[in-house]
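A.B. asks: need the 3D shape of this:
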Amino acid sequence: MVGQGRRSRWLGVAVSVVALTAAVAHLVWPNIKIDTITVLLLVVALLPWLGDLLDSIELPGGWKVQYRALEERQESVERAAAEADALAVEATSTAQAAFGAAQIIDPSAAPATMDTVRLLAEEYHRLRSQPRTRTRTPELDRLFGAMVAIVPKVPGFDPGEALRGEDAGIRLAGYAFLYGRPDSSRLAEVVDALAREQTAFNQYWAIRTVAALLERADLSAVPDSVTTQLRELMDRLPPDTSRHVQLAELMQARQDALLNPAPPRDGRFGVGKDTC
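C.D. replies: Now for the predicted structure:
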């Protein structure tokens, strides 16, 4: 991945600079000639750049430098931290969305209409226009939860049309509709909309919606074009974001499904009939 490659290059630079500096200091020190110590320091300086060829190098006296093992251990720790952060974000966002949905449940309320959807979209833009604070994202999550509860009840609401639109607030309503009532036949439409999203918030809930749709699908039968779009987005996202972690999990799940295909089922992409 791009982030890991960049970090590896900087790690290599850092190790090399330290070792070369020590070698130069050893050379310019009075009455010191090039000897075994200098040679060993130069070898250590080159080791980061030989990481693809060498796992380790053993030095005189029993010293052993395991450069690649150290790097892989660091990457493993960073991956685990990113996955833990993603789980925390997911739990928090889900809780806020559920709270938002619960707040709008009112049996005496007037039936929702397209005007209601437009008002929800306007509230989205109002919140987005506010300065970024610790409370803004939870408020947006609660708004998404309200959309999940309201939008599926709006007569004539077309999630496909919403996803194709230019209004990010209306697109969010489209995700909310399909998050609450997953219809896996809409997978390609959701992924197309996700590929156009410019904000982290919309990307996040679009990815969550994709995951909800894939739960009802035979992952091994998902079109390659859909997988390519998801992988391209994943490669553009910073590895330490919850969005990247979620997409990586989806990619891994599909790879596992290709190795162990599920029995054929009725429906598009091998999906059974939706019950919602």
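A.B. asks: what about the helices in this structure?
C.D. replies: Along the chain, the stretches classed as helices by DSSP state H are 2-28, 36-46, 67-103, 114-129, 136-150, 159-164, 168-180, 187-196, 200-214, 224-236, 242-259.
A.B. asks: the inter-axis angle of the fourth one versus helix 168-180?
C.D. replies: Put plainly, it is helix 114-129. Computed by axes from the mean of the first three to the mean of the last three Cα atoms, to 10 degrees, the angle separating helix 114-129 from helix 168-180 equals 110 degrees.
A.B. asks: ditto for the last one
C.D. replies: Note on geometry: by the same axes, to 10 degrees, helix 242-259 and helix 168-180 are set 40 degrees apart in direction.
A.B. asks: who are the packing partners of helix 242-259?
C.D. replies: Helix 242-259 is packed against helix 67-103, helix 200-214, helix 224-236, with contacts defined by 3 or more Cβ pairs under 8 Å, 6 or more residues apart in numbering; DSSP states H and E. For glycine as for every other residue, the C-beta is placed from the backbone atoms N, C-alpha and C.
A.B. asks: equivalent analysis for the fourth one, please.
C.D. replies: With contacts defined as 3+ Cβ pairs under 8 Å, 6+ apart, the packing partners of helix 114-129 are helix 136-150, helix 168-180.
A.B. asks: check the gap between Leu187 and Ala253 for me.
C.D. replies: According to Cβ to Cβ, to the nearest Å, Leu187 and Ala253 sit 14 Å apart.
A.B. asks: of the helices and strands packed on helix 114-129, flag the one that's most buried.
C.D. replies: helix 168-180 (a mean of 25; mean count of other Cβ atoms under 10 Å).
A.B. asks: so where's the stretch 101-250 of the chain uncertain?
C.D. replies: The model of the stretch 101-250 of the chain has pLDDT under 70 over residues 101-110.
A.B. asks: so what touches stretch 123-134?
C.D. replies: With contact meaning Cβ atoms under 8 Å, 6 or more residues apart in numbering, stretch 123-134 is reached by Arg136, Glu139, Leu140, Leu143, Ala168, Gly169, Leu172, Thr199, Phe201.
A.B. asks: distance to Leu119 added to those residues, as CSV?
C.D. replies: Rendered in CSV, the data for the contacts of stretch 123-134 read as follows (distance: Cβ to Cβ, whole Å):
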residue, distance to Leu119
Arg136, 19
Glu139, 15
Leu140, 15
Leu143, 11
Ala168, 15
Gly169, 10
Leu172, 13
Thr199, 20
Phe201, 19
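A.B. asks: ok, now how distant is Arg243 from Ala211?
C.D. replies: 11 Å.
A.B. asks: more neighbours: which of those two?
C.D. replies: Remark: of Arg243 and Ala211, Arg243 carries more neighbours, 21 against 17, as counted by other Cβ atoms under 10 Å.
A.B. asks: the more buried one touches Gln203, doesn't it?
C.D. replies: Yes. At 5.5 Å, Arg243 counts as touching Gln203 under the criterion of Cβ atoms under 8 Å.
A.B. asks: shared neighbours, those two?
C.D. replies: Between them, Arg243 and Gln203 share the neighbouring residues Leu237, with contact defined by Cβ under 8 Å, 6+ apart.
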